[in-house]
Structures are given as C-alpha cells and as structure tokens.
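Visitor: below is the structure, and that's it, no one-letter string:
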C-alpha cells in the first residue's frame with residue numbers, strides 16, 4: 001500500500017487502475033522500507049498483470065522487507081539478477 005495523504009493508503013491495484021494500465025511491462029519499486037507492507041498484503045492480485053519487477057529492498061529500514069518480496073514473487077516470478085539494493089524479477093513462462 002502507498003500513502004496518498006496523511007491518512008489514506010492506496011494499493012498497487014488502485015494505482016494501476018487510476019493510471020488505466022491493464023498490463024505493466026516494467027514496475028520499479030523503491031519505497032524506502034515499505035516493501036514489507038506492499039509485498040505482504042494486496043499485491044498478489046496484481047502480479048499476473050506485471051511482466052518484470054525491479055525492487056530496491058531496504059532491510060536496513062525495515063527488517064523482513066527482502067524476505068517479503070521474495071515470498072510474494074516466488075510463485076509467479078524468477079529472480080534474474082541483483083545489483084546493490086536492486087533485484088530484477090521476470091514473470092515465469
């Protein structure tokens with residue numbers, strides 16, 4: 001979930017809906033430690049619509065963020081490479 005205002009959170013599905021995207025070729029996620037929330041709840045319904053995800057994980061801000069990303073993506077995505085904090089995942093064929 002992402003914060004729109006001080007008391008309003010948006011899911012990734014809501015953001016994709018606002019943007020009018022039925023599919024996403026590349027999704028870059030850099031949310032400074034909020035990966036745990038995004039990848040623990042509310043992203044699984046969106047994953048079939050995404051082809052590639054580049055995630056910058058921040059376990060130093062929020063322990064468990066990297067593990068949450070891998071748990072959420074493992075059923076549909078495979079890890080292709082990592083560089084620094086960025087990990088690239090592509091949808092399994």
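Guide: Done, it's in. Just so it is clear, the structure is predicted and the values come from calculations on it, not from any experiment. Numbering: from 1, shown residues only.
Visitor: please, which helix or strand holds residue 44?
Guide: Here residue 44 sits in a region with no helix or strand, counting by DSSP states H and E.
Visitor: what's the spacing between it and residue 20?
Guide: Distance of residue 44 to residue 20, given as Cβ to Cβ, to the nearest Å: 21 Å. For every residue, glycine as well, the C-beta is placed using N, CA and C.
Visitor: kindly report the same for residue 11.
Guide: 16 Å.
Visitor: what does residue 43 give?
Guide: For residue 43, the distance to residue 20 - Cβ to Cβ - is 19 Å.
Visitor: same thing with residue 55?
Guide: Distance of residue 55 to residue 20, computed by Cβ to Cβ: 23 Å.
Visitor: settle it for me: which of those two has more neighbours?
Guide: residue 55 (26 against 6; other Cβ atoms under 10 Å).
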